[in-house]
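In: just the structure for this:
(one chain, ligands or ions: 1)
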Amino acid sequence: MTKLEKIKEQIINSQVWRSMFRGGTWKDNSRDRAQHILGNVWLHLHPARVRSRSIKTNYTFGLGGLSFLLFLILTVTGIVLMFYYRPTVDLAYQDMKDLEFVVSFGRFMRNMHRWSAHAMVLIVILHMVRVFLTGSYKTPREFNWGVGVVLLVLTLFLSFTGYLLPWDQLAIWAVTVGTNMASATPFLGAEGPFSALLGVGLKNDARFGLLGGTSVGANTLVRFYVLHCIAVPFITGVLMIVHFWRVRKDGFSAAPLANEQPNQKIETWPNLVVREYLGAILMLVFLVAWCLLQNAPLEGIADPNVTPNPSKAPWYFLGLQELLVYFDPWIAGVLLPGIIVGGLIAIPYLDPDANRGVGYYSVKDRPFASTIFLFGIGAWFTLITIGTFMRGPNWSWYWPWESWLFHKPPPPPTIILPLAVGGALISIYFAVGMVLPRLLSKLNINLRSAIWKMLVVAIGVAAIVGALPMFTFVQGVWVGFGLFLYVVLGFLLPQTYLKGISFLRYVVCMSLLLMMIGVFLKVTVRLGFNVKYIVSIPQVSLNI
Ligand code: HEM
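Out: Next up, the predicted model:
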């Protein structure tokens, strides 16, 4: 035994050490290692032994643990910031400046808090993607997946409520854009459909409740402060405990493979815990380096009289803001997010095969689910990219290399289709989309070759439409793109993969799928053909 090992043994077996960590003299045997996990208030969130796959870096990538680490960093740095920050209109911005220039390590604390918040949003999304791709939402983990979806929403809301606190121009206008969506809520928002039925107006609607007024002001700051520092972290913390408890009870990460032996497990201490500590250290080192090099943004003091053009929501809501170009606010800001969240929670209950592709990256074994999910995530980030980099003054399209000083001509006039035409188009779209894959489910289509053939057809259609005198080449490309999307995602994939599924599941799956494809077809007709509404019934605020 080396001198160092002797010292280590003396420390571990000292009375002080043993009083902190339960158990007798440390013998470093299997029993002691299990006892170290089970007898420790923090570590007993783990089981004593775990499947060897769950410690592989390229299985979970430690993303759940890193999400939690970021939540802890945010809690600690947030508490430090609370010692200095006062949530009033007169003092908030000044306190931000003091943190930057007067308070020791104030700028660093602020940087850590701000960048960790962005990192947490990103890492929680990646964690969800990993859980999906490994089929880890299936029985018995359906409920925990649902808890996870709520945690994702809470993470976004935590970040959003914090956005206002610096009380700079970026803050109040991003929050103005974000909270405007609340006024579009059906029944509860002053500008939402059916609000008149309940007597809801500007001074008693959902937005008023959030802002404490009709515009972002002193009351909003206090409300967001309380939501950000107490209410939302409390609810998030409670749900995290539920999440971890279920992870533990449902057999921990890396669901067992069909042919896996129960004894194919290894000790949590030190194998998993040491890796977790290492991951945490790496993340911390990265964050510290990033925060030393990159300051969190702080613009001029909030000025309600000077509206920046464009006013942009925080990046994770920019996809929804971009959808405002194509849909009415209540559809873009309330209905679609509601359907997305509801649809995500429903995934485990819609998935017809509880045992297929669980516990490993099973894209190949679950091609339908994986394609649709990845398409949804990809589409979300595409819209975010457009909102972040391609939108300039008046929300006009600017390529990243174009100067915003260059004045874009006003957009061409938009078209609203006659009600009969639009109504017929939408009815046919949903009716055909719903019936056809089921009706033709007995047809034996070779998917791969059908997709290639469809690609050729789409290119042909694009060329023909583009060559017609009344259309441009770009419009031809839009038509080809829309056709390809609809036929592949809306017909070929469900025709092949939703064959044996029960009627109810089929209807719900297809409704969600057709709505998702429909969003992109609407983007296509808006950008390609300036169609503002396919169906417009203003009397009931139905403009699609
Ligand atoms: C604040 C956000 C979150 C935190 C702190 C968190 C934390 C964790 C941790 C530590 C684990 C175990 C380790 C791992 O598998 O990576 C885990 C597993 C899991 N998480 Fe999350 N999570 C969060 C959000 C989500 C979201 C958004 C979803 C899905 C929508 C989700 C669904 C799950 C599921 C189903 C498991 C079990 C996975 C398995 O057994 O392989 N979580 N989470």
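In: G423 against V535, yeah?
Out: Yes. With contact defined as Cβ atoms under 8 Å, G423 counts as touching V535 (5.7 Å). The way it works is simple: take the backbone N, C-alpha and C, and place the C-beta from them, glycine included.
In: between those two, tell me which one has more neighbours.
Out: Each of G423 and V535 has its neighbours counted (other Cβ atoms under 10 Å); V535 has more, 19 against 14.
In: which residue sits closest to that one, ignoring its sequence neighbours?
Out: Leaving out its chain neighbours, the residue that sits closest to V535 by Cβ to Cβ, 6 or more residues apart in numbering is G422, at 3.9 Å.
In: quick one: the one you found is in a helix?
Out: Yes. Judged by DSSP: H, G, I helix; E, B strand; the rest coil, G422 forms part of a helix.
In: contact partners for it?
Out: By Cβ atoms under 8 Å, 6 or more residues apart in numbering, the contact list for G422 reads I416, Y533, I534, V535, S536, I544.
In: you'd agree the last one is up against K522?
Out: Yes. The pair formed by I544 and K522 meets the contact definition of Cβ under 8 Å, at 7.2 Å.
In: so E9 is in which element?
Out: Using DSSP states H and E, E9 falls within helix 3-12.
In: what mean pLDDT does that helix get?
Out: Per-residue pLDDT values across helix 3-12 average out to 92.
In: quick check: chain neighbours aside, which residue is closest to the closest residue to the ligand within the stretch 251-400 of the chain?
Out: Across the stretch 251-400 of the chain, no residue is closer to the ligand than S253, which sits at 3.4 Å (Cβ to the nearest ligand atom). Using Cβ to Cβ, 6+ apart and skipping the chain neighbours, the partner closest in space to S253 is S54 (4.3 Å).
In: L292: neighbour count?
Out: Neighbours around L292, by other Cβ under 10 Å: 11.
In: before we move on, the earlier item: check the gap between the residue nearest to V535 and the ligand for me.
Out: Distance of G422 to the ligand, given as Cβ to the nearest ligand atom, to the nearest Å: 35 Å.
In: need the contact list for whichever residue of the stretch 101-250 of the chain sits closest to the ligand.
Out: Closest to the ligand within the stretch 101-250 of the chain is G148: 2.1 Å, counting by Cβ to the nearest ligand atom. If you count contacts by Cβ under 8 Å, 6+ apart, G148 has them with H127, M128, V131, H243.
In: rewinding a little: quick check: the farthest pair among the contacts of G422?
Out: For these, with distances taken as Cβ to Cβ, the pair at the greatest spread is I416 and I544 (10.6 Å).
In: which residues are in contact with each of those two?
Out: In contact with both I416 and I544: G422, Y533, S536, using Cβ under 8 Å, 6+ apart.
In: and those as TSV, adding pLDDT and distance to T268?
Out: Formatted as TSV, those follow (pLDDT from 0 to 100; distance: Cβ to Cβ, whole Å):
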residue	pLDDT	distance to T268
G422	95	59
Y533	94	57
S536	92	60
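In: between those residues, which is closest to V435?
Out: The closest of the shared contacts of I416 and I544 to V435 turns out to be G422 (Cβ to Cβ; 20.4 Å).
In: could you count how many residues lie near M390?
Out: 15.
In: flag the shaky bits of this protein, pLDDT-wise.
Out: Applying pLDDT under 70 to the chain picks out residues 262-263.
In: export the helix or strand harbouring R223 as PDB, just CAs?
Out: Using DSSP H and E, R223 falls within helix 218-226. The C-alpha coordinates for helix 218-226 follow below in PDB (Å, rounded to 0.1, in the frame of the first residue of the first chain):
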ATOM      1  CA  ALA A 218     -43.900  47.900 -12.700                       C
ATOM      2  CA  ASN A 219     -46.500  45.300 -11.800                       C
ATOM      3  CA  THR A 220     -45.200  43.000 -14.400                       C
ATOM      4  CA  LEU A 221     -41.700  43.200 -13.000                       C
ATOM      5  CA  VAL A 222     -42.900  42.100  -9.600                       C
ATOM      6  CA  ARG A 223     -45.100  39.400 -11.000                       C
ATOM      7  CA  PHE A 224     -42.300  38.000 -13.100                       C
ATOM      8  CA  TYR A 225     -39.800  38.300 -10.200                       C
ATOM      9  CA  VAL A 226     -42.000  36.200  -7.900                       C
END
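In: and it, what does it pack onto?
Out: helix 169-180, helix 206-211 (3 or more Cβ pairs under 8 Å, 6 or more residues apart in numbering; DSSP states H and E).
In: contacts for the first one, please.
Out: Contacts of helix 169-180 with the rest of the structure, by Cβ under 8 Å, 6+ apart, involve 160, 163-165, 207, 210-211, 215-216, 220, 224, 297-304, 306-308, 311-314, 317, 321, 329, 333.
In: and stretch 97-114, how far out from the chain middle?
Out: 28 Å (Cα atoms, centre = their mean, to the nearest Å).
In: quick one on the thing from earlier: out of the contacts of G148, who's nearest D353?
Out: For the contacts of G148, the residue nearest D353 by Cβ to Cβ is V131; the value is 17.0 Å.
In: the closest one against N144, yeah?
Out: No. If you go by Cβ under 8 Å, V131 and N144 don't touch, sitting 9.1 Å apart.
In: so what's L298 up against?
Out: Counting by Cβ under 8 Å, 6+ apart, L298 touches M96, K97, E100, P166, D168, L170.
In: for the stretch 151-300 of the chain, which residues are neighbours of the ligand?
Out: Applying Cβ under 6 Å from any ligand atom, we find that the stretch 151-300 of the chain lies next to the ligand at L151, L152, T155, M240, H243, V247, S253, A254, A255.
In: which ones are touching the residue most central in space within the chain?
Out: The residue lying closest to the centre of the chain (Cα atoms, centre = their mean) is I125, at 5.1 Å. Contact analysis of I125 by Cβ under 8 Å, 6+ apart lists L152, I377.
In: ok, L447 - contacts?
Out: Neighbouring residues of L447 by Cβ under 8 Å, 6+ apart: L492, L493, T496.
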